[in-house]
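Trainee: Sequence and computational prediction follow.
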Amino acid sequence: MKRIFFLVLIFAVLIPVAWVLVYKFEGKKPVVDVKLPSLYLKKSYEMSLDVSDRKTGLRKIIVSIMQQGKEKILLEKKYNPPGFLAIFPDSKELKDSFIIPVQFWKYGMTDGDAIIRVMVSDYSWRGWNKGNIAYIEKKVIIDSKPPKVSILTKRHNIERGGTALVIYKLFEKNIKTGVKVGDNFFPGYSGLFKNKDIYAAFFALSDMQGPGTQISVIAEDMAGNITKRGFHHYIRDKNFKTDILNISDRFLKRKMPDFDIGAKNGSFKDAENPLLEKFLYINSEFRKDNVETVLSIPEITENKMYWQGRFMRLKGSARRSGFADRRIYKYKGKEIDRAVHMGIDLASTSNASVKAANSGKVIFAQFEGIFGNTVIIDHGFGLCSLYAHLNQILVNKGDIVKKGDGIGITGMTGLAGGDHLHFSMIVHNVFVNPVEWWDDSWIKNNITSKIDLVKKMP
């Protein structure tokens, strides 16, 4: 009988008590997940915090920021103790989440290193009932001062559809910088000078931007502080001529079968003039896609100046169409479409040899829609030349070419009506007037003289 009583006592009392003691003295620390948006504190800085304790539940959370012995509490929260023996999950807080603003400027803290500290404890009986404690420390940097920018070049003359160069100096590292022209951004690059703190940025006005366009150097540091520095510049206006292109049935029958536009191919079969409808689609929507592709290529530019002197034009050629000509397309005397011609058409003999206008690296060599067989050469720092409608491409992507090297043969691939070279100059993501780059005096006055001047600076 005593033995039975003893066994009942063990199973009914001692084992549950032992289990509770083991449970309450569990030794696993709370799980803490801290996410910081950046190493650098910004004005709108918010950190996220996820905490959990699946055993005895959360007891207390303290989040603070510390600098030079000064501590500011960002968050402090205490949780109610769990119910009887904390056995039931709904009697305790097992997890919680927070979005915590870090308004360092309100705490009297100065620029420099600081530490964000997170302390989370649970309701374990360990540590004389202080619980298991998890500590997390994250180093952050307070930086409230915008970058300093010094403009080194003095004259910046530019016209609608033209190019200019500005050279400037920064006084800290890891800066996102460049020139803002209206809403467009042209990256600045280090590497043109021995002093790596000196940056150069080619920038451009599109054919739609003229006097009154806002132009400034932008510098943004890792903390999000932004400096916007205007500089002296003069914008000349320019008018572009209008050109009328008559679209014939002969042209449509000859060129439209060359274009495979996928599912759209069959969408024009019920139209009164399927070939004309296909042309209109190619000349608008298809053209936009091709232009976007071509203008995205110069993003892979190198911060190396490959080119030297004026750019060559197709030998013995006559100009057939100019840069930014406003084209009006007519069919049987009626206007059907409009477009802007973003290059210069040069005609020589059929299958004429096309030379690299200047030294550089081939970054594109393939067929591209309305441009046909196309080569793009990177001349460094976001400056590129484009050669389109080629009958043959004689170079490959990655080739290094010198001024005058053969890169292709003229033709009429793409949307060309006859054998010619379509030549364009691109600055970052904007087509610019090639005539400037064919002019020794313009290059000297607007580009190389600035570079030489900065090189002579102490």
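Mentor: Looks like it arrived, so ask away.

Trainee: all contacts plus neighbour counts: C-alpha atoms, from now on.
Mentor: Noted.

Trainee: Show me what the helix or strand containing Leu280 is packed against.
Mentor: For Leu280, the element it lies in under DSSP states H and E is helix 274-281. Secondary-structure packing of helix 274-281 (3 or more C-alpha pairs under 8 Å, 6 or more residues apart in numbering; DSSP states H and E): helix 249-255.

Trainee: still on that earlier bit, check the offset of the helix holding Leu280 from the chain's centre.
Mentor: 35 Å (C-alpha atoms, centre = their mean, to the nearest Å).

Trainee: list the buried ones in that helix?
Mentor: 274-276, 278-280 (16 or more other C-alpha atoms under 10 Å).

Trainee: before we move on, what about stretch 194-212?
Mentor: 198-207, 209-210.

Trainee: Which two among those are spaced furthest apart?
Mentor: Of all pairs drawn from those, the greatest distance, 29.4 Å, lies between Ile198 and Asp207 (C-alpha to C-alpha).

Trainee: Beta-bridge partners for Lys101, please?
Mentor: You called it Lys, but residue 101 is Pro. Glu46 (DSSP bridges).

Trainee: same question but for Val430, I mixed them up
Mentor: Val427.

Trainee: ok now do it, which residues does it touch?
Mentor: With contact taken as C-alpha atoms under 8 Å, 6 or more residues apart in numbering, Val430 is in contact with 204-206, 295.

Trainee: what is the mean pLDDT for the strand or helix carrying Lys180?
Mentor: Here Lys180 sits within strand 176-181, counting by DSSP H and E. Averaged across strand 176-181, pLDDT comes to 98.

Trainee: what comes into contact with that strand?
Mentor: So strand 176-181 is contacted by 185-189, 201, 203-205, 213-221 (C-alpha under 8 Å, 6+ apart).

Trainee: among these, which are in strands?
Mentor: 185-187, 189, 201, 203-204, 215-220 (DSSP state E).

Trainee: can I get those in TSV with pLDDT?
Mentor: Converted to TSV, these look like this (pLDDT from 0 to 100):
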residue	pLDDT
Phe185	98
Phe186	98
Pro187	98
Tyr189	97
Ala201	98
Phe203	98
Ala204	98
Ile215	98
Ser216	98
Val217	98
Ile218	98
Ala219	98
Glu220	96
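
Trainee: any idea how far Gly360 is from the nearest residue to Val362 once chain neighbours are set aside?
Mentor: Leaving out its chain neighbours, the residue that sits closest to Val362 by C-alpha to C-alpha, 6 or more residues apart in numbering is Ile377, at 4.4 Å. Separation of Ile377 from Gly360 (C-alpha to C-alpha, to the nearest Å): 6 Å.

Trainee: quick one, which of the two is more surrounded?
Mentor: The residue with more neighbours, out of Ile377 and Gly360, is Ile377; 31 against 27, by other C-alpha atoms under 10 Å.

Trainee: That one contacts Ala388, correct?
Mentor: No. The criterion here is C-alpha atoms under 8 Å, and Ile377 misses it with Ala388 at 11.8 Å.

Trainee: quick one: buried residues of the strand holding Lys180?
Mentor: 177-181.

Trainee: Next one: Lys330 relative to Ile175, how far apart?
Mentor: Taking C-alpha to C-alpha, one finds Lys330 at 50 Å from Ile175.

Trainee: Check the contacts of Val430 and tell me the two furthest apart.
Mentor: Leu205 and Leu295 (14.5 Å).

Trainee: How is this structure partitioned into domains?
Mentor: Per automatic domain parsing, the structural domains of the chain span 23-142, 149-238+450-455, 242-427.

Trainee: For Arg229, give me its contacts.
Mentor: 149, 216-218.

Trainee: Low-confidence ranges, this structure, go.
Mentor: Scanning the chain for pLDDT under 70 picks out 1-25, 83-91, 127.

Trainee: ok, and the closest non-adjacent residue to the most centrally placed residue in it?
Mentor: With distances taken as C-alpha atoms, centre = their mean, Glu299 lies nearest the centre of the chain, 8.6 Å away. Take Glu299 and drop its neighbours on the chain: the residue closest to it by C-alpha to C-alpha, 6+ apart is His428, 6.4 Å away.

Trainee: That neighbour: neighbour count?
Mentor: There are 24 residues near His428, going by other C-alpha under 10 Å.

Trainee: For Arg327, grab the count of nearby residues.
Mentor: Neighbours around Arg327, by other C-alpha under 10 Å: 17.

Trainee: can I assume it is in contact with Asn246?
Mentor: No. Judged on C-alpha under 8 Å, Arg327 makes no contact with Asn246 at a distance of 10.2 Å.

Trainee: Give me the secondary structure label for Lys403.
Mentor: coil (DSSP: H, G, I helix; E, B strand; the rest coil).

Trainee: who are the neighbours in contact with the nearest residue to it once chain neighbours are set aside?
Mentor: Distances taken as C-alpha to C-alpha, 6+ apart place Asn358 nearest to Lys403, at 4.0 Å, with adjacent residues excluded. By C-alpha under 8 Å, 6+ apart, the residues touching Asn358 are 307-308, 310-312, 379, 402-404.

Trainee: Quickly name whichever of those residues is closest to His156.
Mentor: Closest approach to His156 among these (C-alpha to C-alpha): Arg310, at 19.1 Å.

Trainee: Dump the domains of the chain to JSON lines, plus distance to Asp439.
Mentor: Listed next are those as JSON lines, based on distance: least, C-alpha to C-alpha, whole Å:
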{"stretch": "domain 23-142", "distance to Asp439": "47"}
{"stretch": "domain 149-238+450-455", "distance to Asp439": "13"}
{"stretch": "domain 242-427", "distance to Asp439": "6"}
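
Trainee: Which one of the ones you listed lies nearest to Val435?
Mentor: Nearest of the domains of the chain (C-alpha to C-alpha): domain 242-427, 8.5 Å.

Trainee: what's the first-to-last distance across that closest one?
Mentor: End residues of domain 242-427 are separated by 24 Å (C-alpha to C-alpha).

Trainee: Use 34 as the first number for this chain going forward.
Mentor: Shifting the count to begin at 34 puts that one at domain 275-460.

Trainee: What's the local residue count around Lys62?
Mentor: Neighbours around Lys62, by other C-alpha under 10 Å: 19.

Trainee: contacting residues for it?
Mentor: 86, 154-155, 165-167.

Trainee: Let me have the residues you listed in a markdown table, extended by neighbour count, distance to Ile377 and secondary structure.
Mentor: A markdown table is the format used below for the contacts of Lys62 (neighbours: other C-alpha atoms under 10 Å; distance: C-alpha to C-alpha, whole Å; DSSP: H, G, I helix; E, B strand; the rest coil):
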| residue | neighbour count | distance to Ile377 | secondary structure |
| --- | --- | --- | --- |
| Asp86 | 23 | 70 | coil |
| Ser154 | 23 | 72 | strand |
| Asp155 | 30 | 74 | strand |
| Asn165 | 23 | 74 | coil |
| Ile166 | 21 | 72 | strand |
| Ala167 | 16 | 68 | strand |
